[in-house]
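Visitor: structure, please.
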Amino acid sequence: MDCTFSTIAGSLRQVLRNKRITYAQVAEELGVSEQTIKRVFTGDDAPLSRLLEICRIAGVAFADVARLATEAPAASFELSEEQETFLAENPGHQVFLYRLRDGRTPAQIRAEFALSARGLARYLKDLEQLGVLDRLPGDRIALKVQGVHMFRRGGPLWRKHGAEAVRDMFAFLADAPEPATGRATLWSQSQNRLSQESVAALCAELEEISVRYRRTAQREKAVLPPERLVDAKWIFGVASPYRWEMAQTLPDL
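Guide: Numbers count the residues shown, from 1 in each chain. Have a look, this model is predicted:
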């Protein structure tokens, strides 16, 4: 993506949203009108000094905002059937791999789970043989995967975790308190009749939202302090043609 004024302004706008800083607050801090700040984000140009001032208020470096403006889509990876089979049969190795993916060092993982030196070495050796990392001197590693792990559709991890994840999430949604208590939840389901063209268009739109979701997560990890981030689960699916029938029986009352 080219680094243009509009992309930089868009990234800076997102930073303000993430940090819950309003245009009015920026305007008050700078001693200008709110409309003046709005024009920074809706126009085609603005003085660099103004952008730097807004970055200062937001607590981010201009260089970080420019980098976010040119970021690539969030990274993701997929493993082979054999690799997934190993992780499905060895869940501890999957946890270890995910900790590495999230930026933990082998030493930090060892301390977190009270692993022995022998246990740590075994995890690293197994994952190297699995082909997801290279071991380096001093218990350091070079990870060969990064980003979101996309399960193979119908693969070992899909079969092991997919239905379980859906059940657990539905149970969470059913028991979740109102949003005012601090949880943000959304639940919607529908079965209807549409043309295949409409179904395809909706699937494409949902995929765009999914990409935006991953990019937002990537951006916030880069800009926000860890204590500002919370875990969020995202599951959606579209099936067509598909029909679910309720039991067509009526008890004799």
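Visitor: where along the stretch 1-150 of the chain do the helices fall?
Guide: Per DSSP state H, counting those that start in this stretch, the stretch 1-150 of the chain carries helices over the ranges 5-18, 23-30, 34-42, 48-58, 62-69, 81-89, 91-101, 106-113, 117-130.
Visitor: quick one: those as JSON lines, columns for mean neighbour count and distance to I141 too.
Guide: Where you see a C-beta, it was placed from the backbone N, CA and C, and this is true even at glycine. Putting the helices of the stretch 1-150 of the chain into JSON lines (neighbours: other Cβ atoms under 10 Å; distance: least, Cβ to Cβ, whole Å) gives the following:
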{"stretch": "helix 5-18", "mean neighbour count": "18", "distance to I141": "31"}
{"stretch": "helix 23-30", "mean neighbour count": "16", "distance to I141": "43"}
{"stretch": "helix 34-42", "mean neighbour count": "15", "distance to I141": "42"}
{"stretch": "helix 48-58", "mean neighbour count": "16", "distance to I141": "35"}
{"stretch": "helix 62-69", "mean neighbour count": "17", "distance to I141": "25"}
{"stretch": "helix 81-89", "mean neighbour count": "16", "distance to I141": "16"}
{"stretch": "helix 91-101", "mean neighbour count": "17", "distance to I141": "7"}
{"stretch": "helix 106-113", "mean neighbour count": "15", "distance to I141": "6"}
{"stretch": "helix 117-130", "mean neighbour count": "15", "distance to I141": "7"}
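Visitor: want to throw those helices into TSV with distance to A163 and mean pLDDT?
Guide: Below are the helices of the stretch 1-150 of the chain laid out as TSV (distance: least, Cβ to Cβ, whole Å; pLDDT from 0 to 100):
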stretch	distance to A163	mean pLDDT
helix 5-18	34	77
helix 23-30	45	89
helix 34-42	44	84
helix 48-58	42	86
helix 62-69	36	78
helix 81-89	13	94
helix 91-101	16	91
helix 106-113	27	91
helix 117-130	25	94
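Visitor: among these, which comes closest to T216?
Guide: Evaluated with Cβ to Cβ, these place helix 5-18 nearest to T216, the distance being 7.8 Å.
Visitor: which strands or helices does the closest one pack on?
Guide: Secondary-structure packing of helix 5-18 (3 or more Cβ pairs under 8 Å, 6 or more residues apart in numbering; DSSP states H and E): helix 34-42, helix 48-58, helix 62-69, helix 196-223.
Visitor: so what's the gap between the longest one and the chain middle?
Guide: Read it as helix 196-223. 11 Å (Cα atoms, centre = their mean, to the nearest Å).
Visitor: quick one: contacts for the closest residue to A58 other than its chain neighbours?
Guide: Computed as Cβ to Cβ, 6 or more residues apart in numbering, the closest residue to A58 that is not its neighbour in sequence is V15, at 5.1 Å. V15 sits next to 55, 58, 60, 65, 68, 223 when contact means Cβ atoms under 8 Å, 6 or more residues apart in numbering.
Visitor: so E112 versus H149, what's the distance?
Guide: Here E112 is placed at a distance of 20 Å from H149 (Cβ to Cβ, to the nearest Å).
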